[in-house]
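A.B. asks: coordinates only, sequence not included:
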């Protein structure tokens, strides 16, 4: 049977690049992009696009039937910093959109689900260095709480109903194609924009806040690889740890200065510092490497080169 894909939240930071990659792989006619609003962008203009509310079960079900969808990528979510400002809505969106898709799979209407988790599932009591796959998870953010709960439900639906759901815990993601989207790790995107435009950057995290990061190309590849892997290789049905590279704001700044010698950075930590302090500094992703052969490609210097070259 042909793979027919629906991406919910296709206009977000990850959704944008994921949609383009999936259209290249599976053909424009087999990938339906959807979001709550219709933007004037490549996703909307160069392929099938539908306006859909991720909280509306009937709308999602209708699209799945209309396009004979087999795989759903549920990318709609309220991110860490934004979610703190609107906890009730963040919980509603992050949880109920997941239930809708899980229940559609349980009813046999779709074959496979991708749902992203995040390093936000960890908390201040989690071991910070080389955070293990199985460890203490006491998240202190609305986003983290919703992602941790979502992981439990994914595993439950897999074990109870045989739902083929797959997930990875994204670290901070760095991309030049979309603007920063309200996440705590988004300083690592914004810094490149500001370095080129203004030659200076005020960072909302302290200089030594080390966080796990990944270049978007790696994240998209991981997403597609886990979905393409044979079902028996996916041993973890909550969510896989995924790692690329860990660095601090000071290290990024230093790397940028190799290309733009006049670039300067100042630090003014805000409420996001507390969020960053609750997250790991580095991740052990040996389960993903072992089960479905995950391997990252981009280190910090490669990320900096790509970002500056493309943003120019």
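C.D. replies: Noted; the coordinates are in hand. Everything quoted here is computed from the prediction, not taken from an experiment. Residues are numbered from 1 along each chain as shown.
A.B. asks: C-alpha from now on. contacts and neighbour counts both.
C.D. replies: Fine.
A.B. asks: what's the spacing between residue 132 and residue 123?
C.D. replies: 13 Å (CA to CA, to the nearest Å).
A.B. asks: who has more neighbours, the two?
C.D. replies: With other CA atoms under 10 Å as the criterion, residue 132 and residue 123 differ in neighbour count, and residue 123 comes out ahead with 23 against 17.
A.B. asks: Not counting its neighbours along the chain, what's nearest that one?
C.D. replies: Residue nearest to residue 123 in three dimensions, not counting chain neighbours: residue 139, with 4.2 Å by CA to CA, 6 or more residues apart in numbering.
A.B. asks: The one you found - that's part of a strand, no?
C.D. replies: No: counting by DSSP: H, G, I helix; E, B strand; the rest coil, residue 139 is not found in a strand; it is coil.
A.B. asks: wait, it sits on residue 119?
C.D. replies: No: using CA atoms under 8 Å, residue 139 is not in contact with residue 119, being 9.5 Å away.
A.B. asks: The residue nearest to residue 123 - how many residues pack around it?
C.D. replies: When neighbours are counted by other CA under 10 Å, residue 139 comes out with 23.
A.B. asks: All the helices of the chain, in order from the start?
C.D. replies: In the chain, the segments counted as helices under DSSP state H are 13-26, 42-45, 57-67, 80-85, 87-106, 142-161, 187-197, 216-228, 249-257, 272-277, 286-292, 300-311.
A.B. asks: List the contacts of residue 285.
C.D. replies: Counting by CA atoms under 8 Å, 6 or more residues apart in numbering, residue 285 touches 132, 133, 240, 241, 242, 243.
A.B. asks: In ChimeraX, how would I select just the buried ones from those residues?
C.D. replies: Remark: buried members of those, expressed as a ChimeraX selection using 16 or more other CA atoms under 10 Å:
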select :132,133,240,241,242,243
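A.B. asks: quick revisit: out of the helices of the chain, which comes closest to residue 234?
C.D. replies: Nearest to residue 234 among these is helix 286-292; the distance by CA to CA comes to 6.5 Å.
A.B. asks: Give the buried residues for that closest one.
C.D. replies: Applying 16+ other CA under 10 Å to helix 286-292 flags 286, 287, 288, 289, 291, 292 as buried.
A.B. asks: go on, stretch 170-178?
C.D. replies: 170, 171, 172, 173, 174, 175, 176.
A.B. asks: Pick the one among these closest to residue 207.
C.D. replies: Distances from residue 207 to these, taken by CA to CA, are shortest for residue 172, at 16.3 Å.
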